[in-house]
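> please work out how this folds:
(3 chains)
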Amino acid sequence: MSEVAMSDTVVSLRDLDALPKARASAKPRRRSRSTVAYGLVAPAFTLMLLMLLGPLAGVIALSFTDYQLGAPSFAWIGLANYQQLFADRVFWISLTNTLTYAVIVVPGSVALGLGVAMLIESGTHLRAFYRTIYFLPVMATLIAMAIVWEFMLHPQFGLVNGLIKMVGLAPHPWLQDRGTALYALCVIGIWQAVGFNMVLFLAGLMSIPKHLYDAAEIDGAASAWSRFRLVTWPMLGPVTLFVVVITGIRSFQVFDTVHVLTKGGPSKSTEVLIHTMYMEGFEFFRSGYAAAVTVVFLGLVLLLTLVKSRLAAKQVHYA
Amino acid sequence: MSAARRSLIRSSLRHAALMCGAVLMLAPFVWMLSTASKPPDEIYSSDLHLIPHHFALWDNLRIAFGKADLGRFLLNGVIVTVAIFTCQVLVALPAAYALAKLRFLGRKALFALVLFGILIPPQATAIPVFLLLYQLGALDSYAALVLPFTISVFGIFLMRQFFMTVPDDLLDAARMDGMSEFAIVWRVMLPTAIPAVTAFGIFSVVAHWNDYFWPLIVLNSQQYYTPPLAVAHFRNAEAGTSYGPLMAAAIVIITPLVVAFLLAQRRFIEGITLTGLK
Amino acid sequence: MAKIELSAIRKSFGDTEVLKGVDLSIHDGEFVSLVGPSGCGKSTLLRVIAGLEPQSSGEVKIGGVAVDHVRPSARNLAMVFQSYALYPHLSVFDNIAVPLRMKRLSALERAPLLGRLLPNRYRVERGIRADVERVASQLEISPLLTRKPGQLSGGQRQRVAVGRALVREPVGFLFDEPLSNLDAKLRVHMRAEIAQLHRRLKATFVYVTHDQAEAMTMSGRIAVMIGGELVQVGTPSDVYDNPRDIRVAEFIGSPKINVLPGAVQADGRIVMLDRVLAARAAASTGPCRVAIRPERLSLGGGDLSGVVVHVENMGAEAFVHLGCDGLTDPVVIRLDDPLRLPAIGSTQRFGFAPEAIRLFDAAGKRIAIRTEASVEMIREVAHV
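Residues are numbered from 1 along each chain as shown, chains lettered A, B, ... in the order given. I've put the predicted structure just below:
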């Protein structure tokens, strides 16, 4: 005990000596703390301006110019890019295809994701096993799997046409026919998105308190369907809204499968916005025109986000 | 009908439905494995069979590795994803700490910018960023693959939300123990945030390992090809002629992530669905 | 060890002033408790002393030296936090070693891998190990050194937090409600342990708590803070027996002091519940409040009466709640012998000695009184 006390005195004497020196060397602290804060955020916000906010402003500005990559100069041409865009048949095809793709993939993958999640959640056996299998396509590199799908849809040697032939129907060149190519891409899109949506719905289902189902049962909701209508669906409202929006945004971004499987063909039947932007900007180097396409794409994405926050504000939250 | 029988029927219906779906989900993977294991004469026949008569997976893999430098592409994938993730953590963590725990003028405005940044899809900024790299002469390099992603506003947001839950007492204790604010970020915040950083790491690595759009835009030289670009390139060069090696190459490209996923499913699902916070 | 002096400390967050000019001098080796209801600014004051929060104005001196621009760690004070604030990723040993490593190792030597290669680090680490183990054995946590904080009970975490403070051998210890996360039994135990620690170390202790029992039982002096001001500073018995403000009287003591409305007449007589008390106020006429501790009231005699509405039997003692005409709150009386409890609903008489009265004016300030007995005495002295 006394040893502690003794060393205590020694230390304190030494440290009291050190105090005035520490004071002399210390900078004014109030200033230094916020200086430190600015130092900590500086790299992030410099990069953010350089790589995100600057380019965002840049793409809007660029859409009002006739800039072409490598050109020595450019001119401000106002809305000319947009006029050209709206007069272009390909742009309208591209926009229609993008929206068609979204209108098919969003309900398809959301409904299937919800269905699978509820089936998994309704029993106790093999939950992890099913979850893993349905999630696998989310993990696998889409480009590699797109190539596998291409071979599966191969007119002659593919699995799909092989099975069709076994049933006695005529095989079909799914990706080469302008009537079916976009729908084939939709199938791949749904296949890839179901697992992701399923996991989000599973999380949503887990968070529904079990006693609500007990209450529904006591209140007379005898059938599974009436319990779904009374409890599950309303409680999943916020999750569903979120899943719909995020799947929608991802559908607007569809590019990988298009670029590697169809290149927008045959005869523009699978041309989508990002692919148009890519071709104009990075194949034909018409940067200004591609920027205008990007702005349209950006508008679609922000519109969806806006709708979401509007709806989310209206939603009643129980939890 | 007894309750036990009814529940048995229900459970078998559940399994039947889920199994059908599972077969559809797995079909591409199974077909990929099957094709990669077949010699050419079995692939190009209209006779459908799953199990190859001659097991040719090793031959197809050897051909694939011979035609394309798959090892190199995998290494590129590792280099790029690790570099991106490291930079993201180095940049985002200090900023997230300052936004969560320090009081300074303009903090709210900066956080609003972060929230706004999350809404911007990466394709939207592609053209100006490309032009910037073009001006810098940085196209067609590792830098071109990494630089645009060193800033992750989503990472800042995520870490900031996590840091908000760290008690202020802990930071005060660290200050009393003599740590600077900078030391607090790396010695206190980073270790306590390991679960969140891991989840974000998985999210980031998966996203950039699988990314096709950006490498396609900025790369010319094969030596920098990332796995998705490599397999697409392989397909363009060999399409219609050698599906066996092509499927084998696809297997090689997806294996690292799929194996990692199977080993740590919970963490992966957590990490990927982080976008759920967006 | 060091004296801690605070002069005219003010602190505002935005428009709200949390500290309104606090003066306090804490002597070498003294145990001072800062008590007050939550939100009174006591924790902020502690953080100002620690240097974690810069004061808006005023001066903090430690050992006679102004430390206003000295970093928290350089003030050589240790702090124990309410949530213990242990680093969750470090073992108990490493938690306790952190302040020593920050002090004794250079930044280079602390570097994760590189640091291990430097010869000096090995030597310093040996010293650190010895110090940590010495503190651990003092606190009887040696078997826990390899565990992580998540594997410890509340009391064990508390000890580790104290160990981390102890190991740096500071000139003063700051405690920020360190026992409030413990269960009642452990709290009483740790109370004794901290008091013993203080006696052993003879260091300056500043202890913040909202629990007046903790302050009463442990400290040499109590500083009662209310609304950002120090209302009274004194020994526990002084603060308890001689409160200078009605808020102090009401905050200290459990159950709460009885406060009865009264009035001071022009001649100094005190009227309460239509009775004239055997005491006179020295000053100030008008409405006043008469405060009497429960243990100073006696049941079964006296000229007041009330109906028993509730009885709390604590085993060793009991508290009887009496509802009286003209009062909204019941009067609480302590009964030393719980074996003879009055029946609920029965009417009981009660009374008090004039010395038991503490009188406060309408603003809550203490008014001095003279009891009739002392008035008599003065008269006798005058006669002689």
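> name the residue of the stretch 1-150 of chain B that lies nearest to chain C.
residue B:103 (9.6 Å; C-beta to the nearest C-beta). Bear in mind the C-beta positions are built from the backbone N, C-alpha and C, glycine included.
> for stretch B:34-43, which outside residues touch it?
A:151, A:157, B:49-57, B:59-61, B:242-244, B:247-248, B:250-251 (C-beta atoms under 8 Å, 6 or more residues apart in numbering or on different chains).
> okay, it in PDB with CA atoms only?
The C-alpha trace of stretch B:34-43 is given here as PDB (Å, rounded to 0.1, in the frame of the first residue of the first chain):
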ATOM      1  CA  SER B  34     -21.900 -30.400 -67.300                       C
ATOM      2  CA  THR B  35     -20.800 -28.600 -70.400                       C
ATOM      3  CA  ALA B  36     -17.400 -27.900 -69.000                       C
ATOM      4  CA  SER B  37     -16.900 -31.600 -68.400                       C
ATOM      5  CA  LYS B  38     -17.900 -32.700 -71.800                       C
ATOM      6  CA  PRO B  39     -15.600 -33.300 -74.800                       C
ATOM      7  CA  PRO B  40     -16.600 -31.300 -78.000                       C
ATOM      8  CA  ASP B  41     -18.400 -34.200 -79.700                       C
ATOM      9  CA  GLU B  42     -20.800 -34.500 -76.700                       C
ATOM     10  CA  ILE B  43     -21.400 -30.800 -76.500                       C
END
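> now it: buried residues?
Applying a neighbour-count criterion of 16 or more other C-beta atoms under 10 Å in any protein chain shown, one finds B:34-38, B:42-43 buried in stretch B:34-43.
> the residue of the stretch 1-150 of chain B closest to chain C contacts residue A:34, correct?
Yes - if you go by C-beta atoms under 8 Å, residue B:103 and residue A:34 touch, sitting 7.5 Å apart.
> more crowded one of those two?
Using other C-beta atoms under 10 Å in any protein chain shown as the criterion, residue B:103 and residue A:34 rank with residue A:34 on top: 16 against 10.
> distance of that one from chain C?
Distance, residue A:34 to chain C, using C-beta to the nearest C-beta, to the nearest Å: 11 Å.
> re earlier: three-state assignment of the residue of the stretch 1-150 of chain B closest to chain C?
coil (DSSP: H, G, I helix; E, B strand; the rest coil).
> who's in contact with it?
By C-beta under 8 Å, 6+ apart, the contact list for residue B:103 reads A:34, A:37.
> got the end-to-end distance for stretch C:228-246?
The stretch stretch C:228-246 measures 16 Å between its terminal residues, going by C-alpha to C-alpha, to the nearest Å.
> in it, which residues are buried?
Here stretch C:228-246 shows C:228, C:230-234, C:236, C:239-240, C:243-246 as buried, counting by 16+ other C-beta under 10 Å.
> do stretch C:48-66 as well
Going by neighbour count (16+ other C-beta under 10 Å), the buried part of stretch C:48-66 is C:48-53, C:55, C:58, C:60-63, C:65.
> for chain B, which spans come out with low pLDDT?
Within chain B, the ranges that satisfy pLDDT under 70 run B:1, B:239-241, B:273-278.
> longest helix anywhere in chain C?
The longest helix of chain C (DSSP state H) is helix C:119-138.
> now for the next helix-or-strand element following that one, which elements pack on it?
Later in the chain than helix C:119-138, the nearest helix or strand by DSSP states H and E is helix C:154-167. If you count contacts as 3 or more C-beta pairs under 8 Å, 6 or more residues apart in numbering or on different chains; DSSP states H and E, helix C:154-167 packs onto strand C:77-80, helix C:92-104, helix C:119-138, helix C:184-201.
> of those, flag the one that's most buried.
strand C:77-80 (a mean of 26; mean count of other C-beta atoms under 10 Å in any protein chain shown).
> near chain B, anything from it?
Yes - applying C-beta under 8 Å from any C-beta of the partner chain, one finds that strand C:77-80 is in contact with chain B at C:77-79.
> chain B: which of those is nearest?
Nearest to chain B among these, with distances taken as C-beta to the nearest C-beta, is residue C:79, at 4.9 Å.
> can you pull the contacts of the closest one?
The contact partners of residue C:79, taken as C-beta under 8 Å, 6+ apart, are B:172-173, B:176, C:46, C:50, C:165, C:173-176.
> pretty sure residue C:232 sits in a strand.
Yes - the assignment for residue C:232 by three-state DSSP puts it in a strand.
> ok, whatever residue of the stretch 251-384 of chain C ends up closest to chain B - contacts?
Residue of the stretch 251-384 of chain C nearest chain B, by C-beta to the nearest C-beta: residue C:251 (25.1 Å). By C-beta under 8 Å, 6+ apart, the contact list for residue C:251 reads C:35-37, C:212, C:224, C:226.
> could you do residue B:98 as well?
Contacts of residue B:98 by C-beta under 8 Å, 6+ apart are A:37, A:40-41, B:104, B:107.
> again, but for residue B:269
Residue B:269 neighbours (C-beta under 8 Å, 6+ apart): A:131, A:135, A:199.
> re earlier: quick one: distance of the longest helix of chain C to the chain centre.
Chain-centre distance of helix C:119-138: 35 Å, with C-alpha atoms, centre = their mean, to the nearest Å.
> so that helix, near chain B or not?
No - in terms of C-beta under 8 Å from any C-beta, no part of helix C:119-138 sits within range of chain B; the closest distance is 13.0 Å.
> quick check: residue C:181 touching residue C:82?
Yes - taking contacts as C-beta under 8 Å, residue C:181 lies within contact range of residue C:82: 6.5 Å.
> neighbour count for the two, which is higher?
Per other C-beta under 10 Å, whichever of residue C:181 and residue C:82 has more neighbours is residue C:82, with 18 against 15.
> may I have the secondary structure class of that one?
Under three-state DSSP, residue C:82 falls in the coil class.
> how close does it sit to residue A:49?
41 Å (C-beta to C-beta, to the nearest Å).
> got it, and residue A:57?
In terms of C-beta to C-beta, residue A:57 sits 10 Å off from residue A:49.
> got it, and residue A:299?
Taken as C-beta to C-beta, the span from residue A:299 to residue A:49 is 23 Å.
> the two - which one has more neighbours?
Using other C-beta under 10 Å as the criterion, residue A:299 and residue A:49 rank with residue A:49 on top: 14 against 10.
> shaky segments in the stretch 151-300 of chain A?
Within the stretch 151-300 of chain A, the stretches with pLDDT under 70 are A:220.
> list the contacts of the residue of it found nearest chain C.
Residue of the stretch 151-300 of chain A nearest chain C, by C-beta to the nearest C-beta: residue A:206 (24.5 Å). Contact analysis of residue A:206 by C-beta under 8 Å, 6+ apart lists residue A:121.
> sorry, back to before: among the buried residues of stretch B:34-43, which pair sits farthest apart?
B:36 and B:42 (11.5 Å; C-beta to C-beta).
> hmm, who's touching stretch C:182-196?
Stretch C:182-196 has contacts (C-beta under 8 Å, 6+ apart) with C:31, C:154-155, C:158, C:162, C:175, C:178-179, C:205, C:207, C:214, C:217-218.
> what distance separates it from the centre of its chain?
On C-alpha atoms, centre = their mean, the centre of stretch C:182-196 falls 14 Å from that of its chain.
> next one: stretch C:255-264
23 Å.
> kindly list the longest strand within chain C.
strand C:297-313 (DSSP state E).
> what element comes up after that strand heading to the C-terminus?
Once the chain leaves strand C:297-313, the next helix or strand it forms, by DSSP H and E, is strand C:318-323.
> got the CA coordinates for that next one in PDB?
Only the C-alpha atoms of strand C:318-323 are listed here, as PDB (Å, rounded to 0.1, in the frame of the first residue of the first chain):
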ATOM      1  CA  ALA C 318     -40.300   1.900   9.300                       C
ATOM      2  CA  PHE C 319     -41.800   5.000   7.700                       C
ATOM      3  CA  VAL C 320     -45.300   6.100   8.500                       C
ATOM      4  CA  HIS C 321     -47.100   8.300   6.000                       C
ATOM      5  CA  LEU C 322     -49.700  10.600   7.600                       C
ATOM      6  CA  GLY C 323     -52.300  12.500   5.700                       C
END
